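J.: Coordinates for the following, if possible.
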Amino acid sequence: MSNEFNIRVAHKNDLPALFELYLNLYDSEITPIAYDAMQLWENILSDPNYYIFVGEEAGTIVSSVTLVIIKNLTRKMRPDALLENIVTAATHRNKGYAGLLLDKAAETARRHNCYQMAFISGAKNDSTVRFYTSSGFTNTEKSAFVMKL
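T.: Next up is the predicted model:
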């Protein structure tokens, strides 16, 4: 793994790089940065329960994970942590970056006293499922991958 990999919380100027990174997920073209996108981005950045962690290699965002802390009236009022947009650029995969970002998300979820961290994935290939299970998630407890915290 490169010593130049750095994890941080996304900031306002990261939106274009994130849109480009998200092409590795579902989007086939970069979302235009129009007024509504900027309004949503500012709303996300100001939400204290919403984290977008980015991983940089040599100053370029190459991996990201979104963590949302959800308040909860069950589980002794412990919040739930939801992950979204777990992505690493195709050219930077298999370097351990997504695992480091998931560790950062789990550390943050624990700090918020979350009882679990979960996400839904459409991934069917064995290597992706093995990655998630080796990262501490299970797909047998519920109809999603779940990590007990």
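
J.: now the strands for this structure?
T.: For the chain, the strands defined by DSSP state E cover 5-9, 50-57, 60-70, 80-88, 116-119, 145-148.

J.: Can I get the lengthiest helix in the chain as CSV, trimmed to CA atoms?
T.: In the chain, taking DSSP state H as the definition, the longest helix is helix 97-111. Output of helix 97-111 as CSV, limited to C-alpha atoms (Å, rounded to 0.1, in the frame of the first residue of the first chain):
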residue,chain,number,x,y,z
TYR,A,97,-8.0,1.6,0.3
ALA,A,98,-11.7,0.6,0.7
GLY,A,99,-10.9,-1.4,3.8
LEU,A,100,-9.2,1.6,5.3
LEU,A,101,-12.2,3.8,4.6
LEU,A,102,-14.5,1.1,6.1
ASP,A,103,-12.3,1.1,9.2
LYS,A,104,-12.7,4.9,9.4
ALA,A,105,-16.4,4.6,9.0
ALA,A,106,-16.6,2.0,11.7
GLU,A,107,-14.5,4.0,14.1
THR,A,108,-16.8,7.0,13.6
ALA,A,109,-19.9,4.8,14.0
ARG,A,110,-18.5,3.5,17.3
ARG,A,111,-17.8,7.0,18.5
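
J.: Enumerate residues external to that helix that contact any of its residues.
T.: Residues outside helix 97-111 that contact it (C-beta atoms under 8 Å, 6 or more residues apart in numbering) are 1, 5, 7, 51, 53, 55, 57, 62-65, 67, 69, 81, 83, 86-88, 117, 131, 135-136, 147, 149. For glycine as for every other residue, the C-beta is placed from the backbone atoms N, C-alpha and C.
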